[in-house]
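In: requesting a structural model of the entry that follows:
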Amino acid sequence: MIDITWTDRADNEDGVIIERKSTGSYEVIGSVSANIAAYSDSMIAIATKYTYRIAAFNAGGKSEYSNEATTQTEYAYVNIALNKVVNWSGQQDANPAANACDGDVTTRWSSEVFPQWMEIDLGADVSLEKSELISYRDRAYQYTLEVRREGGGYSLVVDRTNNADTGTIASPIIDDLGGIAARYIRITVVGARVYTGAWTSILEFRLFPTMAMNTSGEANGHSQLPERSALHQGYPNPFNATTLIQYDLAEDAHISIGIYNILGQRVRSLIMNDRRAAGSYSIAWNANNDAGVRVSSGSYMVRMNVVGKTSSFVQTRKVLLLR
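Out: Below you'll find the predicted structure:
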């Protein structure tokens, strides 16, 4: 959300209109009543430059425009390890290794006796910027990270065999991967600090690429086109501020993504019948409705409608908003 404020120096206006542009010409995005000197713009995309201006109005017409104000929204990183193919040294039947890459912090990968490793196949070489690790019960696991390109051998990129940091949901262990290109990444857990048990238990292991932006202003972090179109689970989920919704398009298509309550009523339109090129994308929902008002806590459905040249489908995912 972008908050805009100004100084009200008039006493005869009926209200103020707010205009915005990102590319092209200005368009009116809202208005406020007289004596109100603030506006919050929630209909924004990530990594996008916005310019704003305002003008007062009354029965006699409209004032001159204010000076312009420009800001840039931040990147939202795409977790490219989400639901990828994994290999492992061991796993508990009830807690398989795939749980560490499912986007759900209520599930985990567990395996007994150190060391234990898990390998993630990203499908193609990707430039990696960072990783995040969330441990079960906030344990300070000690581990290494190795990467390899397709057809190559493993190289050590992170050595945390003396790690003392805990990996929590609120504050995961973050490792800088420096933009190294790799298809496979392997985490090997060799022990833990303080914890004296024999279990490797990881809630989530995430990977984030060096970001490149597509023309829509959404994040696109994978150079290889997806094999199939799909809507992925929101991350984080549950969430209490913003959830990042990732989706893949195997072909150019018209797409709509909306948020619906448990009664099936649409509360927010994130994308409305826009054309997107084939690729992997993400878009954020900040828990506001189309009027910019925060919705109540509870379950919501993310619904994606795709109309492509060779296929059309609707897919939904559930997200849980907590207070």
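In: so where is the stretch 1-150 of the chain shaky, pLDDT-wise?
Out: 1, 45-47, 74-77 (pLDDT under 70).
In: err, the stretch 201-323 of the chain, not the other one
Out: Applying pLDDT under 70 to the stretch 201-323 of the chain flags the ranges 211-225.
In: do a quick rundown of the strands in it.
Out: 212-213, 219-220, 230-231, 243-249, 253-260, 266-276, 279-285, 298-308, 312-321 (DSSP state E, counting those that start in this stretch).
In: can you tell which of those is closest to R149?
Out: Nearest of the strands of the stretch 201-323 of the chain to R149, taken as Cβ to Cβ: strand 212-213 at 18.7 Å. No exception for glycine: its C-beta is placed from N, CA and C like everyone else's.
In: picking that back up, could the strands of the stretch 201-323 of the chain go into a markdown table alongside distance to E27?
Out: Below are the strands of the stretch 201-323 of the chain laid out as a markdown table (distance: least, Cβ to Cβ, whole Å):
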| stretch | distance to E27 |
| --- | --- |
| strand 212-213 | 22 |
| strand 219-220 | 24 |
| strand 230-231 | 29 |
| strand 243-249 | 25 |
| strand 253-260 | 20 |
| strand 266-276 | 15 |
| strand 279-285 | 20 |
| strand 298-308 | 25 |
| strand 312-321 | 30 |
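In: and the ones you listed as CSV, adding mean neighbour count and distance to L82?
Out: Listed next are the strands of the stretch 201-323 of the chain as CSV, based on neighbours: other Cβ atoms under 10 Å; distance: least, Cβ to Cβ, whole Å:
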stretch, mean neighbour count, distance to L82
strand 212-213, 12, 18
strand 219-220, 22, 13
strand 230-231, 20, 11
strand 243-249, 22, 7
strand 253-260, 19, 17
strand 266-276, 16, 18
strand 279-285, 21, 10
strand 298-308, 18, 14
strand 312-321, 15, 12
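In: quick one: contacts for the most centrally placed residue in the chain?
Out: Central residue check for the chain by Cα atoms, centre = their mean: the C-alpha nearest the mean position is that of L244, 3.0 Å away. Counting by Cβ atoms under 8 Å, 6 or more residues apart in numbering, L244 touches 76, 78-79, 234-235, 282-284.
In: relative to V319, how far out is it?
Out: Distance, L244 to V319, by Cβ to Cβ, to the nearest Å: 10 Å.
In: give me the common contacts of these two.
Out: G234.
In: for S110, which of the strands of the stretch 201-323 of the chain is the nearest?
Out: In terms of Cβ to Cβ, the element of the strands of the stretch 201-323 of the chain nearest to S110 is strand 312-321, at 23.4 Å.
In: packing partners of that closest one?
Out: strand 230-231, strand 298-308 (3 or more Cβ pairs under 8 Å, 6 or more residues apart in numbering; DSSP states H and E).
In: what do you get if the cut-off is 10 Å, keeping everything else the same?
Out: strand 230-231, strand 243-249, strand 253-260, strand 298-308 (3 or more Cβ pairs under 10 Å, 6 or more residues apart in numbering; DSSP states H and E).
In: where's the residue of the chain positioned farthest from its centre relative to D14, distance?
Out: Going by Cα atoms, centre = their mean, the residue of the chain most distant from its centre is G60, 46.0 Å out. According to Cβ to Cβ, G60 and D14 sit 10 Å apart.
In: ok, the closest residue to D121 other than its chain neighbours - contacts?
Out: Nearest residue to D121, sequence neighbours excluded (Cβ to Cβ, 6 or more residues apart in numbering): V85, at 4.5 Å. Residues counted as contacts of V85 (Cβ atoms under 10 Å, 6 or more residues apart in numbering) are 98, 101, 119-123, 184.
In: right, and out of those, which lies closest to T5?
Out: Taking those together and measuring to T5 by Cβ to Cβ, the closest member is C101, at 42.1 Å.
In: state the distance from the nearest residue to that closest one once chain neighbours are set aside to D121.
Out: Closest residue in space to C101, ignoring its immediate chain neighbours: A81 at 4.8 Å, by Cβ to Cβ, 6+ apart. Distance of A81 to D121, given as Cβ to Cβ: 10 Å.
In: what touches both of those two?
Out: Joint contacts of A81 and D121 (Cβ under 10 Å, 6+ apart) are I185.
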